[in-house]
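*Asks:* Return a 3D structure for these sequence lines:
(2 chains)
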Amino acid sequence: MTPTLTISRLTKRFGEVEVLKAVSLTLEAGRRAALLGHNGAGKSTLMKIVLGLIPHDGGDITVCGMAPGSPAARARVAYLPENAAFHPALTGEEQLRHYLALRGENPKQAMALLARVGLEKAARRRIGTYSKGMRQRVGLAQTLIGRPRLLVLDEPTSGLDPVSRRDFYDLLDGLAAEGTAILLSSHVLTEVEARTDRILILSGGELVAEGTLADLRARASLPVSLLVRPACGREPSLAAAFPEAVASGDGLLRLSCAQADKLPLLARISALGGDVADLDVIPPSLEDIYSHFSRRDGQ
Amino acid sequence: MNRILATAISEFRIAFRNRWVSIATGMMVLFALVLAAAGAAPTGDVGVDRLSVTVASLTSLAVYLVPLLALLMSFDAVAGEVERGTLPLLLTYPVSRLQILLGKLLAHLVILALAVTLGYGAAALVAVWSDAEAIRGLGSLWRLIWSSVLLGATFLGAGYALSALARRPSGAAGFAIALWLVAVVLYDLALLALIVSDGGGAFTTQALPVALLANPADAFRVFNLSAAQAVAAAGGIGSAAGAIPLWQSAASLFVWPLAAIALAVAAFRKVTP
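*Replies:* Numbers count the residues shown, from 1 in each chain, chains lettered A, B, ... in the order given. Modelled structure (predicted):
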């Protein structure tokens, strides 16, 4: 089966600045990929090229086998912009009816779509009275029109409360199960961790890492931290046993080691028996892994 | 076609909520009634019915008011979408930029047609009420209505083009006012000054008709005045235009909207979200 989205050696320049450097990726139907990167890394530019809003300078890109931005491609792609905005004078229902008509769908579905994002009670109020989270839901509702083959979501959960975020990812799971490919960008790494199949890290216009979270964790091989709490009065002997440990302010000793040395170190600690009151093992966080890859080019 | 219609419905709704429909209609009715009242006296010596005289005065009113209303409604069309941040999402939909503009145009034309029909209609009612013979002038009233809509279409298109070029509502508003001043006020002043200094020479006979046809507002005035044979009653620039054949001013009225829309689409295509 041909992938929903194929990008090969994509290059984009704004004047002298190269904002995308030979980016390649493919996204198959039903897969969810998260695009991570700090501000200016090229995430929004990449998305706008996929949507056909701006042209690219080099490389190839196809959306459902077609050129991005062509009428046929636009009919198959839905987009949720960062900070979705609508005309404040229209009600949620009227706005959705308009979008349905533009996609050639029956405008009567508007209420059902708004109900799917929990906005049925506010549907007849003007969007000007909506909160940021409610506008985001209108934006989400319009992406559900007409079973899109590719969903492009720019910071989709910004402005949503934690419960709405979970509902939102449940909706995405449903769409992915029906074969929609999803490309989303996010700053909230913990939610991306649980709810996407693949993570893409963009830094300075380059795709610096790509894979599942487990892949990235293994490849980064960041050190593991161990926090040891000495038993009462045993601090000096413990400090002598681990001269490499760093004492933190609250009486804890912080040890750090490579993944491979973790078990031997644990064995050494447990050999001390009663000297140790407690022990915590802290694996590298997603933030640590993200920083590791996105700063590799010296930023 | 459905996409154009859907866009038009949304735009009409927005214009209605923003009070544009009532502002445009109120302005036209108010000015038309004032003119009808003021022009009620001098009918006898002109030898035409009262409605035809009213139409001649309404023509002078429309030359100023219709372009102004059209520009006020249109300057926000593209720049407003850019500023609100609604344009990128709209452009990812399977709808062409031409369809978007035609949808907006349709909605704004309906509002304009409503405003001029009610405004001129009110003035016509006053004329017919005071002089039953005025019924004979209905033909020129009808001509004034549809030619006003065509004049409005030209300035709506020009407003969209300026809106797309400016990309910010404040800049677009400035451009719109400047265009109105130049096309409707300064252009005629300049022509009058040239006529006076030329003293019936080559400019008045050769260049003036072309200059009048080249400006949609003047073409509108010339068309309505010469069609109603009210050139003598109107005076000023209008009287200098007696030599222009009707078909030429009519052609100018029909060609200008097309040119303005083409310009607007070309400018809109250059906007990258």
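*Asks:* from here on, contacts and neighbour counts on C-alpha atoms
*Replies:* Noted.
*Asks:* Get me the contact residues on the stretch 51-200 of chain B for chain A.
*Replies:* Near chain A, the residues belonging to the stretch 51-200 of chain B are B:84-86, B:88-89, B:91-95 when assessed by Cα under 8 Å from any Cα of the partner chain.
*Asks:* low pLDDT regions in chain A?
*Replies:* By pLDDT under 70, the low-scoring segments of chain A are A:1, A:296-299.
*Asks:* Break it down into its structural domains.
*Replies:* Using automatic domain parsing, the domain parsing of chain A gives A:5-218, A:223-283.
*Asks:* Quickly compare those and say which is most buried.
*Replies:* Among these, domain A:5-218 has the highest mean neighbour count (mean count of other Cα atoms under 10 Å in any protein chain shown), at a mean of 19.
*Asks:* That domain: how far from the chain's middle?
*Replies:* Computed by Cα atoms, centre = their mean, to the nearest Å, the separation of domain A:5-218 from the middle of its chain amounts to 11 Å.
*Asks:* which secondary element of chain B has the worst mean pLDDT?
*Replies:* Least confident element among the helices and strands of chain B, by mean pLDDT, DSSP states H and E: helix B:231-234 (a mean of 50).
*Asks:* what sits against B:Thr117?
*Replies:* By Cα atoms under 8 Å, 6 or more residues apart in numbering or on different chains, the residues touching B:Thr117 are B:Ile145.
*Asks:* who's in contact with the residue nearest to A:Gly204 when sequence neighbours are not counted?
*Replies:* Distances taken as Cα to Cα, 6 or more residues apart in numbering or on different chains place A:Ala41 nearest to A:Gly204, at 4.8 Å, with adjacent residues excluded. A:Ala41 makes contact with A:19, A:202-206, according to Cα under 8 Å, 6+ apart.
*Asks:* Which helix or strand contains residue 105?
*Replies:* Just going to use chain A. Of the helices and strands defined by DSSP states H and E, none includes A:Glu105.
*Asks:* should've been chain B
*Replies:* helix B:97-130.
*Asks:* Buried residues of that helix, list them for me.
*Replies:* B:97-109, B:111-128 (16 or more other Cα atoms under 10 Å in any protein chain shown).
*Asks:* Next secondary structure after that helix?
*Replies:* Next element after helix B:97-130 (DSSP H and E): helix B:138-166.
*Asks:* the inter-axis angle of that following helix versus helix B:97-130?
*Replies:* Per axes from the mean of the first three to the mean of the last three Cα atoms, to 10 degrees, the angle that helix B:138-166 makes with helix B:97-130 is 150 degrees.
*Asks:* elements contacting helix B:138-166?
*Replies:* helix B:50-74, helix B:79-84, helix B:97-130, helix B:169-180, helix B:216-227, helix B:246-269 (3 or more Cα pairs under 8 Å, 6 or more residues apart in numbering or on different chains; DSSP states H and E).
*Asks:* which pair in the residues of the stretch 51-200 of chain B next to chain A spans the largest distance?
*Replies:* Within those, B:Arg84 and B:Pro94 form the most distant pair, 20.5 Å apart (Cα to Cα).
*Asks:* tell me the contacts of the residue of chain B most remote from its centre?
*Replies:* In chain B, the residue that sits farthest from the middle, by Cα atoms, centre = their mean, is B:Thr92; the gap is 33.0 Å. Counting by Cα under 8 Å, 6+ apart, B:Thr92 makes contact with A:51-53, A:69, A:74, A:77-79.
*Asks:* now those residues as a markdown table including secondary structure and distance to chain B?
*Replies:* Listed next are the contacts of B:Thr92 as a markdown table, based on DSSP: H, G, I helix; E, B strand; the rest coil; distance: Cα to the nearest Cα, whole Å:
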| residue | secondary structure | distance to chain B |
| --- | --- | --- |
| A:Leu51 | helix | 6 |
| A:Gly52 | coil | 7 |
| A:Leu53 | coil | 7 |
| A:Gly69 | coil | 7 |
| A:Arg74 | helix | 5 |
| A:Val77 | strand | 8 |
| A:Ala78 | strand | 7 |
| A:Tyr79 | strand | 7 |
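*Asks:* Go ahead and confirm B:Ala8 touches B:Leu109.
*Replies:* No: taking contacts as Cα atoms under 8 Å, B:Ala8 lies outside contact range of B:Leu109: 9.9 Å.
*Asks:* now for the contacts of A:Ala41, which pair is the farthest apart?
*Replies:* Of all pairs drawn from these, the one with the longest distance (Cα to Cα) is A:Val19 and A:Leu202, at 10.6 Å.
*Asks:* Identify the contacts common to the two.
*Replies:* In contact with both A:Val19 and A:Leu202: A:41-42, using Cα under 8 Å, 6+ apart.
*Asks:* now chain B, which segments are flagged as low pLDDT?
*Replies:* Across chain B, residues meeting the criterion (pLDDT under 70) sit at B:39-48, B:229-242.
*Asks:* what's the burial count for the residue nearest to B:Leu87 when sequence neighbours are not counted?
*Replies:* In space, and not counting its chain neighbours, B:Leu87 is closest to B:Glu81: 5.1 Å by Cα to Cα, 6+ apart. Using other Cα atoms under 10 Å in any protein chain shown, B:Glu81 has 22 neighbouring residues.
*Asks:* Quick check: residues of the stretch 51-200 of chain A near chain B?
*Replies:* Counting by Cα under 8 Å from any Cα, the stretch 51-200 of chain A comes close to chain B at A:51-54, A:69, A:71-72, A:74-75, A:77-81, A:84-87, A:89-90, A:94-95, A:98, A:101-104.
*Asks:* sorry, back to before: so the residue nearest to A:Gly204, which state does it fall into?
*Replies:* Following DSSP: H, G, I helix; E, B strand; the rest coil, A:Ala41 is assigned to coil.
*Asks:* phi, psi of it?
*Replies:* With angles defined as degrees, to the nearest 10, A:Ala41 sits at phi -80, psi -20.
*Asks:* sorry, back to before: give me the angle between the helix holding B:Leu105 and helix B:50-74.
*Replies:* Here the directions of helix B:97-130 and helix B:50-74 differ by 150 degrees (the same axes, to 10 degrees).
*Asks:* follow-up on the earlier one: which of the contacts of A:Ala41 fall within strands?
*Replies:* Among the contacts of A:Ala41, DSSP state E puts A:19, A:202-203, A:206 in strands.
*Asks:* Just name the closest of the residues you listed to B:Trp142, please.
*Replies:* After measuring the ones in strands among the contacts of A:Ala41 against B:Trp142 - Cα to Cα - the closest member comes out as A:Val19, at 58.5 Å.
*Asks:* Enumerate every residue touching the nearest residue to the closest one once chain neighbours are set aside.
*Replies:* Excluding its sequence neighbours, the residue lying closest to A:Val19 (Cα to Cα, 6+ apart) is A:Gly205, at 4.9 Å. By Cα under 8 Å, 6+ apart, A:Gly205 lies in contact with A:18-21, A:23, A:41-42.
*Asks:* try 7 Å
*Replies:* Applying Cα atoms under 7 Å, 6 or more residues apart in numbering or on different chains to A:Gly205 gives the contacts A:19-21, A:41-42.
*Asks:* Same check on A:Leu90?
*Replies:* By Cα under 7 Å, 6+ apart, the residues touching A:Leu90 are A:126-127, B:14.
*Asks:* The same query, at a cut-off of 6 Å, please.
*Replies:* Contact analysis of A:Leu90 by Cα atoms under 6 Å, 6 or more residues apart in numbering or on different chains lists A:Arg126.
*Asks:* What does it show for phi and psi?
*Replies:* The phi/psi pair for A:Leu90 (degrees, to the nearest 10) reads phi -90, psi 150.
*Asks:* quick revisit: dihedrals phi and psi, the residue nearest to A:Val19?
*Replies:* Dihedral angles (degrees, to the nearest 10) for A:Gly205: phi 80, psi 0.
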